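Asker: Sequence and predicted structure are below.
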Amino acid sequence: MSSADDHRFMARALQLAARGLYTTHPNPRVGCVLVREGQIIGEAWHQRAGQPHAEPLALQQAGSQAQGATAYVTLEPCSHFGRTPPCADALIAAGVARVVVAMQDPNPLVAGQGLQRLQQAGVEIVSGLMEAQARLINPGFITRMQSGLPYVRMKLAMSLDGRTAMQSGESQWITGPEARADVQCLRARSSAIISGIESVLLDDPQLTVRDPSLLGEAGILRQPLRVVLDSQLRIPLSAKLLAAEGPVIIVTTETADTRKVNALQDLGVEILPLPLRDGQLDLEALLRHLAQVHQCNEVLVETGARLAGSFVAQQWVNEIVIYMAPTLLGSDARPLIDLPLTQMSQQRRLHMTDLRQFGKDIRMTLQPVTE
Ligand code: AOF
Ligand code: ZN
């Protein structure tokens, strides 16, 4: 088999993996293609935690044809008993002769042991094919496994003059329906959405996924966890996001009013008291809690300029997605990010990884430049 064929089948496996974009949380998105004599004999993707991994689903399709076949998998086959038995064992039992993987599994429970197991059983291994593409599918899972933190994506919408709202806070709408539909995709792929109490008081958002086409291939609507930073517990019990479907965490301090805490808990809300750091809720403690307790892979920060500034200043942001509308909001309008800098040497440079048009607006995807 030529390396062009290997690329072609791995590209197909990557395409399949991406179908799990909205549904696999907290698991990674994984695709698998089984090939024999140049023909695809089975292909699948992992759809949801607790359900089979990609490999056994593809093996099921291939049946006895899997004997002597090549498996293309976007992530190293697992070697552990989790919610499902090890995929490495299933591939060996089916008589697969060759396994091509895009990347090792960063999960310490696997971390190379799946490949080792296959190799010991006499299976030929190729690892690292299209690794860069495979990493892009699971930025959150990889970050969480490696650092105990989620991958933090910040979404912002601004005018041509870099403004996000009028002085009054009025901001609906700067961008058009196409850009806003894309924000629904960002929400749907996220394990959690973080917002600030200011935005909640101003806009009374639900912060839910409402686009029915984002139910996912598996027909599952998973509402991301919604997280509100509210140190003084100012959220009204009538806030729309409390009534909307899906779990909510309110982050506050130890000294928050007990009666309000109880009332919110009665509504099914998780109250997370955190220490203050420089007078502000400790963002690192929040992110660690989300990764470690709630297994959050990707989180989406949708806040006003002040909280956005704190996330950026403290360097918790892995990616910024900015929608820019061709409109002017004027010099009294609110800025994008509160970041009090005074010297050019303090500027925060970003590196643009993607640029696209959505309707009349453009979307920029940026990553902080790390020196
Ligand atoms: C694979 N193929 O399709 C996926 C893998 O709790 P479990 O049993 O679902 O295991 C979850 C872990 O398995 C997850 O953290 C990751 O290490 C691996 N995911 N592995 O061989 C798959 N989704
Ligand atoms: Zn597996």
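Answerer: Thanks, I have it. Ligands and ions are numbered 1, 2, ... in the order given.

Asker: Flag every residue of the chain that's near ligand 1.
Answerer: Within reach of ligand 1 by CB under 6 Å from any ligand atom, the chain has these residues: 27-28, 30, 46, 49, 53-55, 75, 77-78, 82-84, 87, 105, 107, 110. (Glycine included, C-beta is placed from N, CA and C.)

Asker: so of those, which ones are in strands?
Answerer: Nothing among these maps onto strands, per DSSP state E.

Asker: Make a PyMOL selection of the buried ones in these.
Answerer: Only the buried entries of these go into this PyMOL selection, using 16 or more other CB atoms under 10 Å:
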select buried, resi 27+28+30+46+49+53+54+55+75+77+78+84+87+105+107+110
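
Asker: List the ones among the residues of the chain next to ligand 1 that fall in helices.
Answerer: Among the residues of the chain next to ligand 1, the ones falling in helices (DSSP state H) are 54-55, 87.

Asker: returning to what we had before: within reach of ligand 2, which of the residues of the chain next to ligand 1 are there?
Answerer: Subset of the residues of the chain next to ligand 1 in contact with ligand 2: 53, 78, 87, counting by CB under 5 Å from the ion.

Asker: contacting residues around the first one?
Answerer: Put plainly, it is residue 53. Residues in contact with residue 53 (CB atoms under 8 Å, 6 or more residues apart in numbering) are 30, 46, 77-78, 84, 87.

Asker: residue of the stretch 101-250 of the chain with the smallest distance to ligand 1?
Answerer: Ranked by CB to the nearest ligand atom, the top residue of the stretch 101-250 of the chain for proximity to ligand 1 is residue 107, at 3.2 Å.

Asker: does the residue lying closest to that residue once chain neighbours are set aside count as helix, strand or coil?
Answerer: Once flanking residues are discounted, residue 107 sits nearest to residue 145: 5.3 Å by CB to CB, 6 or more residues apart in numbering. Secondary structure, DSSP: H, G, I helix; E, B strand; the rest coil: residue 145 is helix.

Asker: Also residue 338?
Answerer: Secondary structure for residue 338, judged by three-state DSSP, is coil.

Asker: Over to residue 7?
Answerer: When classified by three-state DSSP, residue 7 comes out as helix.

Asker: Quick check: pLDDT value at it.
Answerer: Per-residue confidence (pLDDT) for residue 7: 97.

Asker: That one contacts residue 130, correct?
Answerer: Yes. Counting by CB atoms under 8 Å, residue 130 is a contact partner of residue 7 at 6.8 Å.

Asker: re the thing from before, who's in contact with the residue of the stretch 101-250 of the chain closest to ligand 1?
Answerer: 78, 80, 145.

Asker: of all those residues, which comes closest to ligand 2?
Answerer: Distance to ligand 2, by CB to the ion, is smallest for residue 78 among the contacts of residue 107, at 3.3 Å.

Asker: ok, now which ones touch the residue of the stretch 51-200 of the chain found nearest ligand 1?
Answerer: Closest residue of the stretch 51-200 of the chain to ligand 1, CB to the nearest ligand atom: residue 82 (2.6 Å). The neighbours of residue 82, taking CB under 8 Å, 6+ apart as the test, are residue 109.

Asker: just residue 156 next, same as before
Answerer: Residue 156 touches 164, 308, 320-323, 336-337, counting by CB under 8 Å, 6+ apart.

Asker: Buried among those? Need that as a selection in ChimeraX.
Answerer: ChimeraX command restricting those to the buried ones, with burial defined by 16+ other CB under 10 Å:
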select :164,308,320,321,322,323,336,337
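
Asker: Pipe the contacts of residue 156 into CSV and attach secondary structure and pLDDT per row.
Answerer: Converted to CSV, these look like this (DSSP: H, G, I helix; E, B strand; the rest coil; pLDDT from 0 to 100):
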residue, secondary structure, pLDDT
164, strand, 94
308, helix, 96
320, strand, 98
321, strand, 98
322, strand, 98
323, strand, 98
336, coil, 94
337, coil, 95
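
Asker: what does this structure put close to ligand 2?
Answerer: 53, 78, 87.

Asker: and with 6 Å instead?
Answerer: 53, 55, 77-78, 87 (CB under 6 Å from the ion).

Asker: Can I get those in a markdown table including distance to residue 183?
Answerer: Putting those into a markdown table (distance: CB to CB, whole Å) gives the following:
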| residue | distance to residue 183 |
| --- | --- |
| 53 | 30 |
| 55 | 34 |
| 77 | 35 |
| 78 | 33 |
| 87 | 35 |
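
Asker: Name the nearest of those residues relative to residue 293.
Answerer: Distances from these to residue 293 were compared by CB to CB; the smallest belongs to residue 78, at 22.7 Å.

Asker: got the contact list for that closest one?
Answerer: Counted by CB under 8 Å, 6+ apart, residue 78 has contacts 53, 86-88, 105, 107, 109-110, 114.

Asker: let's go with 7 Å and repeat that
Answerer: Applying CB atoms under 7 Å, 6 or more residues apart in numbering, we find residue 78 in contact with 53, 86-88, 105, 110, 114.

Asker: Same check on residue 83?
Answerer: Residue 83 neighbours (CB under 7 Å, 6+ apart): 49-50.

Asker: Tell me which residue is most central in the chain.
Answerer: residue 298 (2.6 Å; CA atoms, centre = their mean).

Asker: quick revisit: quick one: neighbours of the residue nearest to residue 107, just the number.
Answerer: 19 (other CB atoms under 10 Å).

Asker: try residue 342
Answerer: Residue 342, neighbours per other CB under 10 Å, totals 6.

Asker: which residue packs closest to the one residue in the stretch 201-350 of the chain that gets nearest to ligand 1, ignoring adjacent ones?
Answerer: Residue nearest to ligand 1 within the stretch 201-350 of the chain: residue 295 (9.0 Å; CB to the nearest ligand atom). Counting by CB to CB, 6+ apart, the nearest residue to residue 295 once its immediate chain neighbours are dropped is residue 26, at 3.5 Å.
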